[in-house]
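Student: Have a look; sequence and predicted model below, questions after that.
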Amino acid sequence: MNDRLRLRLKRHRRVRYKVAGTAQRPRLAIFRSAKNIYAQIINDDLRHTLVATSSLDPSLRSSGKSGANIDAAKEVGLLIATKAKEAGITKVVFDRGGFQYHGRIQTLADAAREGGLEF
């Protein structure tokens, strides 16, 4: 395991000790790979994923754009917010997954807030 990944996982573990999703406030977990970005809303009490989406979603892939840029992160943020509203979720706890709150992560969070999620 390289140092970057090891340090990211160490940060992620440290955050996860403090951040947990409940039925009232599930956790919005973000994962960023080199080619895509993923978002899930998770109830940690029941260990269930309530809502999930990514830049691989068919509605986003049809545009033919890259899933590894800020535009894709914004679309994923808006999509996760609309799916959460449909599921009756308005408040979440944000889990950046050990990634720096910058760039695609920040854009996804801002778009989710625009879509109506509170965190």
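Tutor: Nice, I can see it.
Student: May I have the secondary structure class of residue 72?
Tutor: Secondary structure, DSSP: H, G, I helix; E, B strand; the rest coil: residue 72 is helix.
Student: In this structure it contacts residue 61, no?
Tutor: No: with contact defined as CB atoms under 8 Å, residue 72 does not reach residue 61; the gap is 9.8 Å. C-betas here are computed from N, CA, C, even on glycine.
Student: any common contacting residues for these two?
Tutor: By CB atoms under 8 Å, 6 or more residues apart in numbering, residue 72 and residue 61 have these common neighbours: residue 55.
Student: Which one's more surrounded, those two?
Tutor: The neighbour comparison of residue 72 against residue 61 (other CB atoms under 10 Å) goes to residue 72, with 24 against 14.
Student: The more buried one - nearest residue in space that isn't next to it in sequence?
Tutor: Nearest residue to residue 72, sequence neighbours excluded (CB to CB, 6 or more residues apart in numbering): residue 55, at 4.4 Å.
Student: quick one, strands of the protein?
Tutor: 27-32, 37-43, 48-54, 93-95 (DSSP state E).
Student: could the ones you listed go into CSV alongside mean neighbour count?
Tutor: What follows is these, written out as CSV (neighbours: other CB atoms under 10 Å):
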stretch, mean neighbour count
strand 27-32, 22
strand 37-43, 22
strand 48-54, 17
strand 93-95, 20
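Student: Can you say which of the ones you listed is nearest to residue 117?
Tutor: When the strands of the chain are compared by CB to CB, strand 27-32 sits nearest residue 117, at 7.1 Å.
Student: Can you find the helix or strand of this protein with the lowest average pLDDT?
Tutor: Between all helices and strands in the chain, the lowest mean by mean pLDDT, DSSP states H and E belongs to helix 58-61, at a mean of 84.
Student: now for that one, which elements pack on it?
Tutor: Applying 3 or more CB pairs under 8 Å, 6 or more residues apart in numbering; DSSP states H and E, we find helix 58-61 packed against helix 70-86.
Student: in the least confident helix or strand of the chain, what's buried?
Tutor: For helix 58-61, a neighbour-count test (16 or more other CB atoms under 10 Å) marks residue 60 as buried.
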